[in-house]
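In: how would this look folded up:
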Amino acid sequence: MATLNHLCSVHFAPLLLFLLTAALVPVQASADRTKTVEFNVKPGGVVHTFTDGIREYECSFTYASQGGTNEQWLMSVGLSDDDRLFSCTVWRPQGKSYLFFTQFKAELKGTKIEYANAYSQTAAGGQGDVPLKPEEFTVGDSTVTHTEGKFNAQLSKLTAIGKTQHDEL
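Out: Predicted coordinates:
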């Protein structure tokens, strides 16, 4: 298994770098291609959904959490210059969330997910991103969800990049 993980990381690292560069750091970012919106993550065990998008592409973040008080989170969505990649990142800019998530799901509409990752802590205050264990979440064609019974209730960031159905004529 370690060899497979190493093989995947070696062969997919260039693809991941390209996807992140193309989708998250466009050379000429324009207001119609990227945006970041603030929203409150609310505890109380009730399921909430926050949605935003660009053009026909949409990202929805659905969750339930317990403990603490509301936290300010951000959702950034972006569309690559060639319209082939749509990205969505949901995160707590202050770093680690103090809420306990009982569930989460990110859904990209209009795309097929090519890359996704979830983190228990985001880079803040000199600390780096801390990814969840691979068994804590599941990546499908259009969703990233917690894995029932394996997710340890800690979430501070989630990133998904999807390939659009856009084709040049």
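In: where exactly do the helices run in this structure?
Out: Secondary structure of the chain (DSSP state H): helices at 2-24.
In: what about the strands in it?
Out: 34-41, 48-54, 57-66, 71-79, 85-91, 100-109, 111-121, 130-131, 137-139, 143-146, 157-164 (DSSP state E).
In: Which strands or helices does the last one pack on?
Out: Where contact means 3 or more Cβ pairs under 8 Å, 6 or more residues apart in numbering; DSSP states H and E, strand 157-164 is packed against helix 2-24, strand 57-66, strand 85-91, strand 100-109, strand 111-121. Every residue, glycine included, has its C-beta placed from N, CA and C.
In: Select from those the stretch with the lowest mean pLDDT.
Out: Among those, helix 2-24 carries the lowest mean pLDDT, a mean of 38.
In: who touches the spatially most central residue of the chain in this structure?
Out: Centroid-nearest residue in the chain, with Cα atoms, centre = their mean: Thr159, separated by 2.0 Å. Thr159 makes contacts with Ser87, Cys88, Thr89, Val90, Tyr115, Ala116, Asn117, Ala118, as judged by Cβ atoms under 8 Å, 6 or more residues apart in numbering.
In: rerun that using 10 Å as the cut-off
Out: Residues near Thr159 by Cβ atoms under 10 Å, 6 or more residues apart in numbering: 20, 23-24, 76, 87-91, 106, 115-119, 129, 144.
In: Filter these down to the buried ones.
Out: 23-24, 76, 87-91, 106, 115-119, 129, 144 (16 or more other Cβ atoms under 10 Å).
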